[in-house]
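> Need coordinates for the following:
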Amino acid sequence: MNSSSSNVPTLTPTTYFRRQRTLATLIFIVVFALTIGAGALTRFDVVDMFTAIPRVAAWMAENLIPDAKSVSRLPRILDTLWDTVLMSIMASTLSAIAALPFALLGSTTTMIHPWVATAARIVASINRNIPVAAWALIFLLSFGQSQFTGFLALFFASFGFLTRVYMETIDETSSSSVEALRATGANWYHVVSQAVMPASLPQMISWELFVIETNIRSATLVGLLTGSGIGFLFDVYYKSLQYESAAMVVVALVVVVLAIEGISNVVRRRIL
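Numbering: from 1, shown residues only. Predicted structure coming up:
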């Protein structure tokens with residue numbers, strides 16, 4: 001027997017968990033130190049934050065309670081909210097259609113050339129790392145305050161995100177079936193249609209539903225910037241000190257988002 005192998009220390013479960021606890025403790029200390037340092041540099045007072053919470057809650061209880069007048073505005077709020085939901089769904093769906101070719105070209109499983117894959121990944125990364133608010137401001141300079149500006153902001157932000165997650169989905173779910181088809185001499189088209197899409201489509205639909213939920217929430221912020229949709233209506237009520245009507249907008253938005261989230265969860269359970 002080789003004597004060198006007997007000198008190799010054995011990592012026991014006790015030693016392993018002790019190392020994991022030590023590592024977790026060090027990470028916690030570093031994060032805590034960074035938090036304290038960031039607070040000191042920005043002059044953030046934790047005490048003021050906690051003492052402000054009761055004041056904020058009291059102000060909200062006094063001003064952000066829908067009244068009879070705000071209820072009378074509910075039809076207009078729902079009509080505007082419906083337009084926002086439709087815009088979010090359209091932006092999400094079209095971005096998913098546009099993201100699929102880029103994902104197929106950028107995936108390591110289905111790429112046709114490394115240079116093409118690199119270009120597709122760069123395009124996805126650029127779009128994904130620009131916040132939706134930044135997209136709204138960019139298109140605001142070109143198209144002004146309009147619903148089309150909000151649509152473009154949601155589209156490009158969703159396109160980058162979906163391209164990235166579609167690439168990862170293709171690489172994770174279809175590698176074994178792709179190898180089996182390639183072993184039989186199948187071409188790229190048959191690999192995509194017979195192996196990649198059947199295996200990846202349920203997860204892709206799940207991501208698409210997630211983006212629709214996210215875009216409905218993001219559309220409120222985009223509307224504040226682009227002067228469209230439910231965000232613009234909330235801004236009008238809030239700036240004119242009609243806080244009860246602004247609260248009704250928030251209530252309607254929360255109810256609709258929760259309803260869509262519930263529908264999405266049911267669909268996900270059916271397809272996954």
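> you'd agree Asn129 is up against Gly160?
Yes - using CB atoms under 8 Å as the test, Asn129 is close enough to Gly160 to be in contact (7.2 Å). Any C-beta I mention is one placed from the backbone N, CA and C, and that applies to glycine too.
> List the residues that are in contact with both of these two.
With contacts defined as CB atoms under 8 Å, 6 or more residues apart in numbering, no residue is shared by Asn129 and Gly160.
> other SSEs contacting the longest helix along the chain?
In the chain, with assignment by DSSP state H, the single longest helix is helix 74-106. Secondary-structure packing of helix 74-106 (3 or more CB pairs under 8 Å, 6 or more residues apart in numbering; DSSP states H and E): helix 114-128, helix 147-173, helix 197-226, helix 229-239, helix 243-271.
> Let me know the average pLDDT across that helix.
Helix 74-106 shows a mean pLDDT of 89 in the predicted model.
> one step back: the more surrounded of Asn129 and Gly160?
Neighbour count, other CB atoms under 10 Å: between Asn129 and Gly160, Gly160 has more, with 21 against 12.
> Can you tell me the closest non-neighbouring residue to that one?
Once flanking residues are discounted, Gly160 sits nearest to Asn127: 2.8 Å by CB to CB, 6 or more residues apart in numbering.
> Next, work out how far apart that neighbour and Phe102 are.
9 Å (CB to CB, to the nearest Å).
> Any chance you could list residues touching both of these two?
Joint contacts of Asn127 and Phe102 (CB under 8 Å, 6+ apart) are Thr163.
> If you count neighbours, what's buried in stretch 246-266?
Neighbour counts over stretch 246-266 (16 or more other CB atoms under 10 Å) mark 246-249, 251-253, 256-257, 260, 264 as buried.
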